[in-house]
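[1] Build me a model:
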Amino acid sequence: MRRPVVYIHGFLGHLRFPELSTGLSSSRVYAPDLLGYGAFAEAPIGHVSIAHQAAHLRQWIQREAGPTPAVLVAHSAGAAVAIAYAHNHPERVAAVVSAEGNLAPSDAFLSSRLAPMTVGGVEAWLAAARRNPGSLLASDEHRLSNMALARLSEWLDHQGAQTIHGAARAVLMETLRPGYAADVMSVMAHVPTFLIHGERTPLGLGVPPRLRELAAQEFVIAGTGHAMVVERPESVAHVVAQVLARIQ
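    Here you go, the predicted model:
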């Protein structure tokens, strides 16, 4: 069985890096744009809500990946979309892999910073980040490779400030929603859920102990922080290959 692997990006960029397919030749690997991004940049701004994104993901997977239950690999804010999809369609999900995903409000640290801003404020933030892409990971206090900096620049150019602002608000509203914690726990109780952390990120940052206890397994990507999908995408793919071997 060539099981689909669907990467779900956060509120910046995309996950179409070729290294994210390393060792996954036995699977079909996809990395669709969410609404407001790339191929779907013209979507109405109101459609960047988590509910709209989950419905979009369902339609995209049904059209492009087919009926075989997929492994959803979600980075950062993309985890809120993965949880909504898996909660509504658990029969369509073989496993969820959360790469420092927003499984609780405490995870949504950048969303909580950008959501209260005006669109103009986010435009100024985006312009400054484009001038210095490394500033996105300044808290990691390390030197990024030229390849990682190029990928961060690509992320910053992949969507406009209005999409970032709308997506940040959507993620924050979703993770603060009273039923969100129950939805996350329900998904983790019924769908094998794996957690990935960057080595430089304090283990379990923002992830409540009760959720870590529900995880099927946890992995740490050496030499990375929150943006492990940019810094060492091949290592993320290696984790996904281990997940596939475990659930087959």
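[2] I'd like the average pLDDT over stretch 191-201.
    In this model, stretch 191-201 carries a mean pLDDT of 92.
[3] Tell me how far that stretch lies from the chain's centre.
    Stretch 191-201 has its average C-alpha position 12 Å from the chain's average C-alpha position, going by CA atoms, centre = their mean, to the nearest Å.
[4] which residues are contacting it?
    With contact meaning CB atoms under 8 Å, 6 or more residues apart in numbering, stretch 191-201 is reached by 86, 90, 93-100, 140, 142, 187, 203-205, 207, 212, 214-228, 231, 236, 239, 243, 246-247. To be clear about C-beta, it is placed using only N, CA and C from the backbone, and glycine gets the same treatment.
[5] Tell me the spacing between the most centrally placed residue in the chain and residue 17.
    Geometric centre of the chain, nearest residue: residue 75, 2.2 Å, by CA atoms, centre = their mean. As judged by CB to CB, to the nearest Å, residue 75 and residue 17 stand 11 Å apart.
[6] so what's the nearest residue to the residue nearest to the centre of the chain once chain neighbours are set aside bridging to?
    Distances taken as CB to CB, 6 or more residues apart in numbering place residue 99 nearest to residue 75, at 4.4 Å, with adjacent residues excluded. With beta bridges defined as DSSP bridges, residue 99 has these partners: residue 75, residue 196.
[7] before we move on, back to that, mutual contacts of residue 75 and residue 17, please.
    Counting by CB under 8 Å, 6+ apart, the residues touching both residue 75 and residue 17 are residue 229.
[8] Which helix or which strand is home to the residue nearest to residue 48 when sequence neighbours are not counted?
    Spatially, and ignoring its direct neighbours in sequence, residue 48 is nearest to residue 166 (4.2 Å; CB to CB, 6+ apart). If you go by DSSP states H and E, residue 166 is part of helix 161-176.
[9] Okay, buried residues for the worst-scoring helix or strand of the chain on mean pLDDT please.
    When the helices and strands of the chain are scored by mean pLDDT, DSSP states H and E, helix 109-114 comes last with a mean of 81. Using 16 or more other CB atoms under 10 Å as the test for burial, helix 109-114 gives 110, 111, 112, 114.
[10] Spatially, what comes nearest to the last one if we skip its sequence neighbours?
    Nearest residue to residue 114 in three dimensions, chain neighbours excluded: residue 168, at 4.1 Å (CB to CB, 6+ apart).
[11] Count the neighbours of the one you found for me.
    24 (other CB atoms under 10 Å).
[12] before we move on, the earlier item: who are the contact partners of the residue nearest to the centre of the chain?
    Residues counted as contacts of residue 75 (CB under 8 Å, 6+ apart) are 7, 8, 9, 10, 15, 99, 100, 101, 229.
[13] Recalculate using a threshold of 10 Å.
    Residues near residue 75 by CB atoms under 10 Å, 6 or more residues apart in numbering: 7-10, 12-13, 15, 20, 82, 97-102, 196, 226-230, 236.
[14] of those, buried ones?
    Buried members of these, scored by 16+ other CB under 10 Å, are 7-10, 12-13, 15, 20, 82, 97-102, 196, 226-230, 236.
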